[in-house]
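Q: Provided below are the primary sequence and the corresponding predicted coordinates.
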Amino acid sequence: MSNHIPVLQPKMQRRRLLLFLLLVMGVAFVMHAGITAQRSYKTETGNLYRSSKTASELLAHSLSGLIYTFQLDAAKHLLDEAVKRRQFVSGEIVDPDGISLVKSLSGIPAEGELFTIRKIVKTKSGETVGTLTLVVSCATIEAQIRNKFIEETAFGALQMLLILFIVYLGTSKLVTALGQANARMADLATRDSLTGVFNRRGIQDEIVRLASSSKPPKLGLIHLDLDKFKAVNDTLGHAVGDKVLEETARRLKANVRVHDSLARIGGDEFLVVCTIDKSNFDVGRVASRLITALNQPMPEEISRLDVGASAGVIEFELGHPEDFEQALVSADLALYEAKNNGRGCSKTYRDELKSTYLDTENTILAIKKGIANGEFEPWFQPQTNMQTGLLEGVEVLVRWNDPDKGVRSPADFLQIADEAGLLNLIDQQIFDQALPILAKLHENGLHGLTMSFNLTAKRLAEPGLVEQLRRSTLNAGLLSSDIALEIIETVIFDARSSQAIETINALAMAGFRIELDDFGTGRSSIANLIKFPVSKLKIDRQFVAGIDDDADKEKITGAIVRLAEDLGIATLAEGVETEDEFSTVQTMGCGSVQGYFVAKPMREEELESWCMDRASQFADRLVDFSSRLRAAGKSDRRSA
Ligand code: C2E
Ligand code: CA
Ligand code: CA
């Protein structure tokens with residue numbers, strides 16, 4: 001995976017080079033100065049040597065003389081030597097300091113000025129034989145100065161070198177620090193601080209880099225999205241959410257090649273970009289491997305909820321960075337399909353997905369318009385007592401009076417509305433429309449008739465739901481016990497969401513009946529039921545369909561009915577279509593029934609006439625029954 005720390009930028013390299021050149025120039029300067037100083041020192045000592053020689057020779061023949069020399073100490077020494085050689089007594093120096101300036105303008109010897117040493121030379125008997133005068137050129141001083149200069153220069157050079165060395169160390173440290181800061185900044189800008197993988201900008205930079213290579217590669221793009229991350233964040237908190245994301249990144253890293261790129265581009269969205277370098281490389285297979293890794297349960301210490309993931313996959317030629325953006329849109333569509341296909345899987349992009357996507361977008365727009373125009377309408381399906389045949393309740397099922405497409409069933413729009421966050425609005429509209437109808441049915445003599453509504457996980461999470469439902473119920477002149485709320489078992493058992501459970505308990509406390517919908521389709525154990533205030537189990541149609549012909553279904557449904565009965569929970573068989581199914585479930589002792597065999601979902605007006613028919617049928621049956629009873633009584637009396 002190309003998750004290397006970025007190298008120094010070219011700008012930074014140039015700065016380093018400049019500093020190095022400056023350093024080299026500094027060293028060259030110091031060396032040059034040192035060499036010049038040394039050369040001049042050598043010249044001076046050479047002169048001195050020559051002048052000393054001249055002085056000794058001169059003094060060997062003459063007592064008086066002018067000698068130019070350069071060094072005071074050397075001059076004094078020459079005088080002493082000359083006196084000794086000629087066996088004179090060393091005379092005293094005229095000038096007590098031994099030095100008098102011949103010519104001085106400032107009092108401080110300057111270059112070119114001369115000063116003398118004069119010595120009176122005497123015989124052993126004390127007779128003065130002459131004066132020896134040595135003229136010392138200021139060159140002596142000059143030489144001393146130069147010597148000093150050499151020393152100073154050498155010292156200065158050392159100092160300079162030391163300073164330069166320190167400066168170099170400092171700058172190189174600074175450059176390193178700047179480099180590191182720069183790398184860190186680049187890191188912050190291109191990496192996800194939580195997981196360490198690329199962020200959106202990072203992956204875009206990577207794509208630009210790949211696109212600019214001499215032979216732009218063929219790439220595989222996998223867009224991954226965690227399935228139940230929101231539930232983790234909502235119920236276990238963001239700290240657990242973060243750990244889940246870190247674990248996700250770890251699993252992804254472990255399942256891609258080192259040169260594949262990995263990025264987190266949103267809350268729980270990840271991207272994998274693989275180079276297709278072999279003809280047999282299969283991006284779909286990589287995606288499946290990643291999904292399998294992410295579908296593994298989370299370790300207990302990270303999260304007690306599992307997340308799972310879905311993925312959209314596409315292969316594309318990277319001619320230009322924009323190809324990546326286009327591929328991302330396509331991978332998104334494939335991901336959308338994976339989500340719609342039950343999640344926990346990966347799908348590869350096909351062109352027809354684009355039209356499906358456009359259809360969905362149009363449906364969302366139409367739903368929004370439908371909500372505003374009151375196009376959603378409650379339909380009702382009767383629920384009857386299996387033993388007496390009496391009407392006990394109705395389930396409210398939404399229908400959409402689409403002006404373009406006619407009456408539409410929930411299968412057409414429910415999921416889209418839910419995903420677009422529009423179902424809560426629809427459900428509240430349906431609730432408010434249906435309650436007055438129930439109140440009317442009560443008024444018309446169907447006292448005790450209940451009305452059931454479907455409640456989604458999102459609706460349960462809606463703040464203030466209990467109060468809202470209670471107010472609407474009261475406003476319609478009904479009791480909360482007239483209302484049943486159907487919740488599918490996965491919402492109760494899988495979410496393990498404390499908030500959903502709290503809301504369910506609050507609804508039960510408020511007097512609403514809680515019914516478990518689609519029972520048997522989830523993975524709940526019936527033993528769990530005692531933990532919840534459930535008053536009825538709606539046994540799913542998958543157990544009921546063909547039950548008269550399937551011994552296993554019969555056994556399972558029979559067991560469910562008996563156990564529920566023991567727990568004091570009522571049962572209803574859903575989707576009963578045939579007389580055989582009906583009589584099989586009836587024999588098991590199931591409490592009530594809802595299905596096409598009794599009645600299909602219908603509009604309010606149809607429901608009213610259905611109830612009348614049913615009532616007259618029952619009246620007929622009752623008449624029949626009582627006449628049979630009467631007839632039986634007569635025959636009994638006759639036989640008595
Ligand atoms: P559900 O809650 O399980 O509702 C029963 C579904 O089974 C209804 O489908 C009903 O028409 C259908 N059905 C009833 N008897 C039979 C039968 O004998 N055979 C067959 N094959 N089907 C039968 P519908 O009305 O299409 O609703 C489908 C699902 O949509 C419902 O399943 C429910 O989950 C959801 N739904 C319906 N109305 C609403 C609503 O107003 N709000 C919410 N949130 N969900 C709703
Ligand atoms: Ca239902
Ligand atoms: Ca159901």
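A: Arrived safely. Remember, predicted model here, so these are calculated numbers, not experimental data. Numbers count the residues shown, from 1 in each chain. Ligands and ions are numbered 1, 2, ... in the order given.
Q: all contacts plus neighbour counts: C-alpha atoms, from now on.
A: OK.
Q: residue in the chain nearest to ligand 3?
A: For the chain, the residue closest to ligand 3 is D518, as judged by Cα to the ion, at 4.2 Å.
Q: wouldn't that residue be in contact with I539 here?
A: Yes. Using Cα atoms under 8 Å, D518 is in contact with I539, at 5.9 Å.
Q: neighbour count winner among these two?
A: I539 (24 against 21; other Cα atoms under 10 Å).
Q: Check the gap between V466 and A411 for me.
A: Separation of V466 from A411 (Cα to Cα, to the nearest Å): 27 Å.
Q: Compare the two and say which is more crowded by neighbours.
A: When neighbours are counted by other Cα under 10 Å, V466 and A411 differ, and V466 comes out ahead with 18 against 9.
Q: thinking again about what came up before, can you tell me which residues contact the residue of the chain closest to ligand 3?
A: With Cα atoms under 8 Å, 6 or more residues apart in numbering as the criterion, the residues that contact D518 are 488-489, 538-541.
Q: element containing it?
A: According to DSSP states H and E, D518 maps onto strand 513-519.
Q: Repeat that for G312.
A: strand 309-317.
Q: in that strand, what counts as buried?
A: 309-315 (16 or more other Cα atoms under 10 Å).
Q: do stretch 385-394 as well
A: Buried residues in stretch 385-394 (16+ other Cα under 10 Å): 385-386, 391-394.
Q: Of those, just say which sits nearest to ligand 1.
A: Nearest to ligand 1 among those, counting by Cα to the nearest ligand atom, is V394 at 11.1 Å.
Q: thinking again about what came up before, could you dump the buried residues of strand 309-317 into JSON lines with pLDDT added?
A: Shown next, in JSON lines, are those (pLDDT from 0 to 100):
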{"residue": "A309", "pLDDT": "97"}
{"residue": "S310", "pLDDT": "98"}
{"residue": "A311", "pLDDT": "98"}
{"residue": "G312", "pLDDT": "98"}
{"residue": "V313", "pLDDT": "98"}
{"residue": "I314", "pLDDT": "97"}
{"residue": "E315", "pLDDT": "96"}
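Q: how many neighbours does E395 have?
A: Using other Cα under 10 Å: E395 sits among 21 other residues.
Q: Just the element for it, please.
A: Short version, using DSSP H and E: E395 is in strand 391-402.
Q: now M185
A: helix 139-190.
Q: Then G344?
A: Applying DSSP H and E, one finds G344 in no helix or strand.
Q: Tell me how many other residues crowd it.
A: 21.
Q: wait, doesn't it sit right on Q296?
A: No. Assessed by Cα under 8 Å, G344 is found out of contact with Q296, at 10.5 Å.
Q: which neighbours do those two share?
A: Counting by Cα under 8 Å, 6+ apart, the residues touching both G344 and Q296 are G308.
Q: Which residues of this protein lie near ligand 3?
A: Residues of the chain found near ligand 3 (Cα under 5 Å from the ion) are 517-518.
Q: Low-confidence ranges, the stretch 351-500 of the chain, go.
A: For the stretch 351-500 of the chain, residues meeting the criterion pLDDT under 70 lie at 493-497.
Q: For the residue nearest to the residue of the chain closest to ligand 3 when sequence neighbours are not counted, give me its contacts.
A: Closest residue in space to D518, ignoring its immediate chain neighbours: D540 at 4.4 Å, by Cα to Cα, 6 or more residues apart in numbering. Counting by Cα under 8 Å, 6+ apart, D540 makes contact with 517-521, 573-575.
Q: Please report how far D540 lies from ligand 1.
A: 7 Å (Cα to the nearest ligand atom, to the nearest Å).
Q: pLDDT score assigned to that residue?
A: On pLDDT, D540 comes in at 95.
Q: the helices in the stretch 251-400 of the chain, which residues?
A: 283-295, 321-340, 352-372 (DSSP state H, counting those that start in this stretch).
Q: List the buried residues of the shortest one.
A: Pointing back at helix 283-295 there. 283-284, 286-295.
Q: Just want the angle from the strand holding G312 to helix 321-340.
A: Taking axes from the mean of the first three to the mean of the last three Cα atoms, to 10 degrees, one finds strand 309-317 and helix 321-340 inclined to each other by 150 degrees.
Q: So in that sheet, which strands flank strand 309-317, and in what orientation?
A: strand 218-226 (antiparallel), strand 346-348 (parallel) (DSSP bridges).
Q: What is whichever helix or strand R562 is part of packed up against?
A: According to DSSP H and E, R562 maps onto helix 551-566. Packed against helix 551-566 by the contact rule (3 or more Cα pairs under 8 Å, 6 or more residues apart in numbering; DSSP states H and E) you find helix 541-544, strand 570-574.
Q: picking up where we left off before, list only buried entries from the contacts of D540.
A: So, by 16+ other Cα under 10 Å, the buried ones in the contacts of D540 are 517-520, 573-575.
Q: Reformat these as JSON lines; add pLDDT and distance to ligand 1.
A: JSON lines is the format used below for the buried ones among the contacts of D540 (pLDDT from 0 to 100; distance: Cα to the nearest ligand atom, whole Å):
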{"residue": "D517", "pLDDT": "93", "distance to ligand 1": "7"}
{"residue": "D518", "pLDDT": "91", "distance to ligand 1": "6"}
{"residue": "F519", "pLDDT": "90", "distance to ligand 1": "10"}
{"residue": "G520", "pLDDT": "85", "distance to ligand 1": "12"}
{"residue": "A573", "pLDDT": "98", "distance to ligand 1": "10"}
{"residue": "E574", "pLDDT": "97", "distance to ligand 1": "6"}
{"residue": "G575", "pLDDT": "98", "distance to ligand 1": "3"}
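Q: Those residues: which two are farthest apart?
A: G520 and G575 (13.6 Å; Cα to Cα).
Q: hang on, the earlier thing: the helices of the stretch 251-400 of the chain: which one's closest to I526?
A: helix 283-295 (25.9 Å).
Q: quick one: contacts of that closest one?
A: Counting by Cα under 8 Å, 6+ apart, 220-222, 248, 251-252, 255-256, 274, 306-311, 313-315, 344-348 sit against helix 283-295.
Q: pull the CA atoms of that helix into PDB?
A: Taking C-alpha atoms only, helix 283-295 is exported to PDB below (Å, rounded to 0.1, in the frame of the first residue of the first chain):
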ATOM      1  CA  VAL A 283     -11.000  -6.600  -8.600                       C
ATOM      2  CA  GLY A 284     -14.300  -8.300  -7.800                       C
ATOM      3  CA  ARG A 285     -12.400 -11.100  -5.900                       C
ATOM      4  CA  VAL A 286     -10.500  -8.500  -3.900                       C
ATOM      5  CA  ALA A 287     -13.800  -6.800  -3.000                       C
ATOM      6  CA  SER A 288     -15.300 -10.100  -1.900                       C
ATOM      7  CA  ARG A 289     -12.200 -10.800   0.200                       C
ATOM      8  CA  LEU A 290     -12.500  -7.300   1.900                       C
ATOM      9  CA  ILE A 291     -16.200  -7.800   2.500                       C
ATOM     10  CA  THR A 292     -15.600 -11.200   4.100                       C
ATOM     11  CA  ALA A 293     -12.900  -9.600   6.300                       C
ATOM     12  CA  LEU A 294     -15.200  -6.800   7.400                       C
ATOM     13  CA  ASN A 295     -18.200  -9.100   8.000                       C
END
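Q: I'd like to check the angle between that helix and strand 309-317, please.
A: Using the same axes, to 10 degrees: helix 283-295 against strand 309-317 is 160 degrees.
Q: avg pLDDT for helix 283-295?
A: Mean predicted lDDT for helix 283-295 stands at 97.
Q: starting at the chain centroid, how far to that helix?
A: 20 Å (Cα atoms, centre = their mean, to the nearest Å).
Q: again, but for stretch 221-237
A: Between the centre of stretch 221-237 and the centre of its chain there are 11 Å (Cα atoms, centre = their mean).
Q: Kindly report the same for stretch 588-605.
A: Counting by Cα atoms, centre = their mean, stretch 588-605 comes out at 50 Å from the chain centroid.
Q: Next: stretch 291-304.
A: Relative to its parent chain, stretch 291-304 has a centroid offset of 18 Å by Cα atoms, centre = their mean.
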